[in-house]
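Q: Need a 3D model of the following:
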Amino acid sequence: MKKINEINTSLSQVSFVARIEKVLFSTSTNGSTYIIMHLSDSSGRIECRKWTVAEEDKTNLVPNAFIRIENAVVNEFRGVLQLKISDYQIIDAYQLQQHGIREEDFFIKAPLDVEKQYKNLLEILNGLENQTYKQLTIGLIKKYEKEFLAYPAAMTIHHNVKGGLFWHSFTLVQNALALKPNYAYASIDWELLICGAILHDIGKVIEIIDSSGVDYSLEGKILGHISIGNAELNKLAEELNIYKDNEGNINESLTLLQHMILASHGKKEFGSPTEPAIIEAIMLSMFDDLDAKVFKVNDELNKVEVKSWTQRIPSVDGKMFYKHNK
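A: Residues are numbered from 1 along each chain as shown. A predicted model of the protein is given here:
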């Protein structure tokens, strides 16, 4: 059986086992229904199409089902590999075990030791001087520790892999620490930037339905991760009795952390309820945008051969990118 990253145009047909990530039913110009499926294993993703749709396909072909594809035809469309399938078999968890295959073999994982780097992250946080930043950031990631370490950062736009949320957040922390010596002259609250980097997407532990990242929750669809994260931060501050001081004044450090979440997309047209009003929020929105675009463009480049162009990437201004280096 082939792994997805072993499929290429030198193969006319291929058989393999994969996990269904996404299923779309579409209609062709002649009015017939066809299926577009996104499949994955630990080595990568690939798109396939089934041009003849039977009634049982609508029941069988669902996200997170495991599928054995037989003799899929390998095509290339606009420089991107694509499979045409007709024969398949849905495999249950017991059948996977019988063949010595683990369910985790069908999830792409973040390319870092999550547990090790999580310990490093906690060491950084425990060394912070601002007690509000420290209490709220550690409190939230501990509250949602399992989700924070396992969930993807998004469904499609960036870091849509197991552990992607932690990977993305920790990368932004590392970017901040790497740039700190270069901007020693600037009036920057580095502790605020570090905590904002960790918390800016914390709402995704509720926005995304589970670690497979195949759908959004009801809260995710109607509230969004920015609103969710801001509300969770506010709620924790009240639980820890640090929302206001003895004179009834709202904790300014809390307000600054909330602003980091609310302004993290940079502009209102990009989904931020407010735009950056402090230097740390500008930096965070730029780090966030950079990391998301590097991931997405690189992910698309991995799907094409050297001296070929990617397909258009909606999240990067609908542009195509040239692969000049392997």
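
Q: C-alpha from now on. contacts and neighbour counts both.
A: Fine.

Q: Tell me which residues of stretch 275-288 come out buried.
A: Buried residues in stretch 275-288, counting neighbours by 16 or more other C-alpha atoms under 10 Å, are found at 275, 276, 280, 281, 282, 283, 284, 285, 286, 287, 288.

Q: you'd agree the first one is in a strand?
A: So that's residue 275. No - according to DSSP: H, G, I helix; E, B strand; the rest coil, residue 275 belongs to no strand; its state is coil.

Q: Surely it touches residue 261?
A: No - the pair residue 275 / residue 261 is not scored as a contact, 10.3 Å apart, by C-alpha atoms under 8 Å.

Q: which stretches of the stretch 51-200 of the chain form helices?
A: Residue ranges of the helices in the stretch 51-200 of the chain, as given by DSSP state H, counting those that start in this stretch, are 55-60, 93-98, 114-126, 131-143, 145-150, 164-179, 190-199.

Q: Which neighbouring elements make contact with the fourth one?
A: Yep, that's helix 131-143 we're talking about. Contact here means 3 or more C-alpha pairs under 8 Å, 6 or more residues apart in numbering; DSSP states H and E; on that basis helix 131-143 packs against helix 114-126, helix 190-199, helix 225-239, helix 252-262.

Q: and these as TSV, adding mean neighbour count?
A: What follows is the helices and strands packed on helix 131-143, written out as TSV (neighbours: other C-alpha atoms under 10 Å):
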stretch	mean neighbour count
helix 114-126	14
helix 190-199	24
helix 225-239	19
helix 252-262	22
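
Q: Including distance to residue 23, could the ones you listed go into TSV?
A: As requested, the helices and strands packed on helix 131-143 are exported to TSV (distance: least, C-alpha to C-alpha, whole Å):
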stretch	distance to residue 23
helix 114-126	29
helix 190-199	31
helix 225-239	24
helix 252-262	32
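
Q: now residue 238: how far from residue 145?
A: As judged by C-alpha to C-alpha, to the nearest Å, residue 238 and residue 145 stand 20 Å apart.

Q: same check, this time on residue 82
A: 37 Å.

Q: Residue 218 now?
A: Residue 218 is 21 Å from residue 145, by C-alpha to C-alpha.

Q: Then residue 153?
A: Taking C-alpha to C-alpha, one finds residue 153 at 14 Å from residue 145.

Q: neighbour-wise, which of these two wins?
A: residue 153 (28 against 15; other C-alpha atoms under 10 Å).

Q: Now for residue 129, how many residues are close by?
A: Counted with other C-alpha under 10 Å, the burial measure for residue 129 works out to 10 neighbours.

Q: what sits against it?
A: Listed by C-alpha atoms under 8 Å, 6 or more residues apart in numbering, residue 129 has no contact partners.

Q: quick one, phi/psi of it?
A: Per-residue torsions, residue 129: phi -90, psi -40 (degrees, to the nearest 10).

Q: Check what pLDDT it gets.
A: Note for residue 129: predicted pLDDT of 97.

Q: same check, this time on residue 266
A: Listed pLDDT for residue 266 reads 85.

Q: for residue 250, same thing?
A: pLDDT, residue 250: 95.

Q: pretty sure it is touching residue 244, no?
A: Yes - using C-alpha under 8 Å, residue 250 and residue 244 qualify as a contacting pair, with a distance of 4.3 Å.

Q: Identify all contacting residues around the top strand by length along the chain.
A: Secondary structure of the chain per DSSP state E: the longest strand is strand 13-27. Here strand 13-27 makes contact (C-alpha under 8 Å, 6+ apart) with 1-4, 7, 33-41, 61-74, 106-107, 214.

Q: Next: stretch 217-228.
A: So stretch 217-228 is contacted by 200, 201, 202, 203, 204, 206, 207, 208, 209, 261, 262, 272 (C-alpha under 8 Å, 6+ apart).
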